[in-house]
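Colleague: I would like the atomic coordinates for the input below:
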Amino acid sequence: MDYPAVLVFRSCASMIHSGASLMQALSKSLQQIFVHQTELKEAGATRQTITSDLSMPMFTKIAQYKAGIIPVKYPRVSCYKRGGVKFELNGNPYWITALVYNVGGVSEVTAVIIKGSNSGWLQMSRNWGQVWQTGGSLVGQSLSFQVTTSDDKTIECDNVAPGNWQFRQTYEGRVNF
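Modeller: Okay, here's the model as predicted:
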């Protein structure tokens, strides 16, 4: 099996309780987990990492109170998503953020490019998690997106948002991975 990522739990604990079921504990307390996807550079290589900060009550269900990090390897599995990739637009007339979600396939989003009907393609940068941002005024233009995943697959979602799109609205492409 391929284990392309490491799930890291950060809190004040380092020893797992014997017999503790990580998935059972997590499924009972999902509301207490804050997941933030980052990239770590180690020995010149990029390793995909998900950092989950757990509350102390949650963490002590699976580990003894100490200090440290628990690395948990997991395989990525293919995920079918109904409908197209979705883009929730936020920002102001000078910059735009797009939360990219409902992404199918086996990978995570690694690049997003946006294009207005009166502009060329603009590279977006990761703001946080799957929120991508770009400067520039695209208000009043219909928007298209190119989304690339970590397995180097790219889809193009043409004219996802019409020229009269609004901030704090979600628009759905017609394709998915």
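Colleague: got the end-to-end distance for stretch 135-151?
Modeller: Taking CA to CA, to the nearest Å as the measure, stretch 135-151 stretches 27 Å from start to finish.
Colleague: What average pLDDT does it get?
Modeller: For stretch 135-151, mean pLDDT is 94.
Colleague: what does stretch 87-106 give?
Modeller: Stretch 87-106 comes out at a mean pLDDT of 94.
Colleague: got the CA coordinates for it in PDB?
Modeller: Taking Å, rounded to 0.1, in the frame of the first residue of the first chain, the C-alpha atoms of stretch 87-106 are listed here in PDB:
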ATOM      1  CA  PHE A  87     -15.800  26.900  -5.300                       C
ATOM      2  CA  GLU A  88     -16.900  29.100  -2.500                       C
ATOM      3  CA  LEU A  89     -15.900  32.700  -3.300                       C
ATOM      4  CA  ASN A  90     -15.000  35.300  -0.700                       C
ATOM      5  CA  GLY A  91     -12.900  38.400  -0.600                       C
ATOM      6  CA  ASN A  92     -13.400  42.000  -1.800                       C
ATOM      7  CA  PRO A  93     -12.900  43.800  -5.100                       C
ATOM      8  CA  TYR A  94      -9.100  43.700  -4.700                       C
ATOM      9  CA  TRP A  95      -8.500  40.000  -3.900                       C
ATOM     10  CA  ILE A  96     -10.500  36.800  -4.100                       C
ATOM     11  CA  THR A  97     -10.400  33.600  -2.100                       C
ATOM     12  CA  ALA A  98     -11.800  30.300  -3.300                       C
ATOM     13  CA  LEU A  99     -12.600  27.400  -1.000                       C
ATOM     14  CA  VAL A 100     -12.200  24.400  -3.300                       C
ATOM     15  CA  TYR A 101     -14.200  21.300  -2.200                       C
ATOM     16  CA  ASN A 102     -16.200  18.300  -3.300                       C
ATOM     17  CA  VAL A 103     -13.000  17.100  -5.000                       C
ATOM     18  CA  GLY A 104     -13.100  13.400  -5.900                       C
ATOM     19  CA  GLY A 105     -10.200  11.100  -6.600                       C
ATOM     20  CA  VAL A 106      -7.400   9.900  -4.500                       C
END
